[in-house]
Structures are given as structure tokens and as C-alpha cells.
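Trainee: give the three-dimensional model of this entry:
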Amino acid sequence: MGRFLAIGLAMKIGVEKSELDRAKLSVENVQDKMQQHLYYVPDIYAVSDDVTFYYFVPSR
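Mentor: Model (predicted):
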């Protein structure tokens with residue numbers, strides 16, 4: 001049950017673009033780090049962005 005609970009808690013992950021620029025990271029680098037430290041499975045999240053943020057939300 002813990003696995004399903006963890007998925008439900010991370011409904012939207014946001015990363016500020018300026019933070020990525022300062023750290024010299026790409027979106028792919030961030031996804032790799034999220035896989036290592038969070039319950040992040042790229043197959044179930046869609047990546048979108050606006051002027052200031054990248055968003056990772058569960059795809060439907």
C-alpha cells in the first residue's frame with residue numbers, strides 16, 4: 001500500500017527554470033535526480049512548462 005500512497009502524494013512537481021540555469025542542469029538531469037531521490041517514474045509523468053517553471057504531472 002505504501003507504494004500507491006507515495007504516487008498519490010506527488011501530484012505535481014515544479015522546478016524553477018532559473019534554478020536549473022544556475023545549477024547548469026537540464027530537464028533530463030533533473031528527471032534522473034528525481035528517479036534517484038523521489039518516487040518518480042518518467043513513464044507516468046508528462047513534462048510541461050511555462051515562462052518560469054517546468055512541471056511534471058501524472059499523465060492520464
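Trainee: which parts of the longest helix anywhere in the chain are buried?
Mentor: Longest helix in the chain by number of residues (criterion: DSSP state H): helix 27-37. By 16 or more other CB atoms under 10 Å, the buried positions in helix 27-37 come out as 30-31, 34. Quick note: C-beta positions are derived from backbone N, CA and C, even for glycine.
Trainee: in a markdown table: those, plus distance to Asp49 and pLDDT.
Mentor: Shown next, in a markdown table, are the buried residues of helix 27-37 (distance: CB to CB, whole Å; pLDDT from 0 to 100):
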| residue | distance to Asp49 | pLDDT |
| --- | --- | --- |
| Val30 | 12 | 92 |
| Gln31 | 13 | 92 |
| Met34 | 16 | 88 |
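Trainee: now the angle from the next helix or strand after the longest helix of the chain to helix 27-37?
Mentor: Proceeding N to C from helix 27-37, the next assigned helix or strand is strand 45-49, under DSSP states H and E. Interaxial angle, strand 45-49 versus helix 27-37 (axes from the mean of the first three to the mean of the last three CA atoms, to 10 degrees): 140 degrees.
Trainee: point out where the chain drops to low pLDDT.
Mentor: Low-confidence segments of the chain, defined by pLDDT under 70: 1-10, 60.
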